[in-house]
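Enquirer: What follows is a predicted protein model with its sequence.
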Amino acid sequence: MIGVKKLMVHPVNLLYRYLMRRSRIKILLKDFNVTIEGRLIGFDEYMNVIVQGVKIRDGGDVRYSGICLIKGNMIAVMWHIYDPKIDG
């Protein structure tokens with residue numbers, strides 16, 4: 001494959017991009033049927049994340065919280081929620 005360059009994105013770089021854009025994210029927790037949505041406001045090298053304006057969906061129940069700390073070893077999947085005000 002001549003001329004093809006593969007780009008590798010490290011998780012910390014992606015989290016930093018979400019943090020700088022003040023992006024909303026959704027997190028699926030391991031071993032639970034729980035998703036957490038909110039705005040990323042901090043993280044560390046262990047992928048522990050701090051989320052603000054939290055909406056917690058546990059099966060059919062929905063709860064709201066102000067700020068939540070999620071340990072990195074509990075995160076199964078994390079993705080960006082498109083926000084037209086920020087992502088244009």
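Expert: Sure, I can see it. Residues are numbered from 1 along each chain as shown.
Enquirer: what sits up against the helix ranked longest in the chain?
Expert: Ranked by number of residues, the top helix in the chain under DSSP state H is helix 11-20. Here helix 11-20 makes contact (CB atoms under 8 Å, 6 or more residues apart in numbering) with Ser23, Ile25, Leu40, Ile41, Gly42, Phe43, Glu45, Met47, Val49, His80. Using the backbone N, CA and C atoms, a C-beta is placed for each residue, glycine as well.
Enquirer: ok, which pair from these is furthest apart?
Expert: Greatest spatial distance among those (CB to CB): Glu45 and His80, at 20.5 Å.
Enquirer: Buried only: go through the contacts of helix 11-20 for me.
Expert: Ser23, Ile25, Leu40, Phe43, Met47, Val49 (16 or more other CB atoms under 10 Å).
Enquirer: just checking, the last one touches Ile27?
Expert: Yes. Under the contact definition of CB atoms under 8 Å, Val49 touches Ile27, with a separation of 7.3 Å.
Enquirer: joint contacts of those two?
Expert: Contact criterion CB under 8 Å, 6+ apart; residues shared by Val49 and Ile27: Ile70, Ile75, Met78.
Enquirer: Next one: the first one from Lys30, what distance?
Expert: What it means is Ile70. Note on Ile70: its distance to Lys30, by CB to CB, to the nearest Å, is 11 Å.
Enquirer: and the two? which has more neighbours close in?
Expert: Legend: neighbour count by other CB atoms under 10 Å for Ile70 and Lys30, higher for Ile70 (19 against 10).
Enquirer: Phi first, then psi, for the more buried one.
Expert: phi -120, psi 120 (degrees, to the nearest 10).
Enquirer: Test my guess that it contacts Val49.
Expert: Yes. Under the criterion of CB under 8 Å, Ile70 makes contact with Val49 at 5.2 Å.
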